[in-house]
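Trainee: A predicted structure for the sequence below; I have some questions about it.
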Amino acid sequence: MADDPAPRPPIIRAPASGEGAVVVRLPSLHDPATVAVLCQGLAMRLVTAGADRVRCDVTAADAVDLGTVDALARMALTAKRSGASLTVQGAAGDLVGLLGLAGLSAVVSCEDDPAG
């Protein structure tokens, strides 16, 4: 559709001084190729930063669907392969529910779940 705004790209930020966690701001993703590029960038950032944790902020996601769950699962796998862990921040109940239905609650941990 011509009226659809261009999707916002994910943002990967290096750890702040003394922090140890790479921060990813994850908007709604519509293209599986974007997830592959995101995971490549995340792996590179984890290696260059020497980080042991990934904090993924999903508050910018306009819509939560199985594509979001797929992106989080792939990011968790990327983090694990680099010796890091992934924690999702700002996950609403629908995302937490989808992660549970997909059997990924033990793989993708959520904190700071907003009420509702």
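Mentor: Everything's here; your move.
Trainee: which ones are touching residue 32?
Mentor: Residue 32 sits next to 67, 70 when contact means Cβ atoms under 8 Å, 6 or more residues apart in numbering. The C-beta positions use only the backbone N, C-alpha and C, and glycine is treated the same way.
Trainee: for the chain, which segments count as helices?
Mentor: Per DSSP state H, the chain carries helices over the ranges 32-49, 66-81, 93-101.
Trainee: mind listing what's buried in the second one?
Mentor: Going by neighbour count (16 or more other Cβ atoms under 10 Å), the buried part of helix 66-81 is 67-69, 71-76, 78-79.
Trainee: save those as a markdown table, and put in pLDDT too.
Mentor: Shown next, in a markdown table, are the buried residues of helix 66-81 (pLDDT from 0 to 100):
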| residue | pLDDT |
| --- | --- |
| 67 | 89 |
| 68 | 90 |
| 69 | 92 |
| 71 | 92 |
| 72 | 94 |
| 73 | 94 |
| 74 | 94 |
| 75 | 94 |
| 76 | 95 |
| 78 | 96 |
| 79 | 95 |
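Trainee: any idea how far residue 58 is from residue 84?
Mentor: Distance of residue 84 to residue 58, given as Cβ to Cβ, to the nearest Å: 18 Å.
Trainee: got the confidence number for residue 3?
Mentor: Predicted confidence (pLDDT) for residue 3: 54.
Trainee: this completes my enquiry, with thanks.
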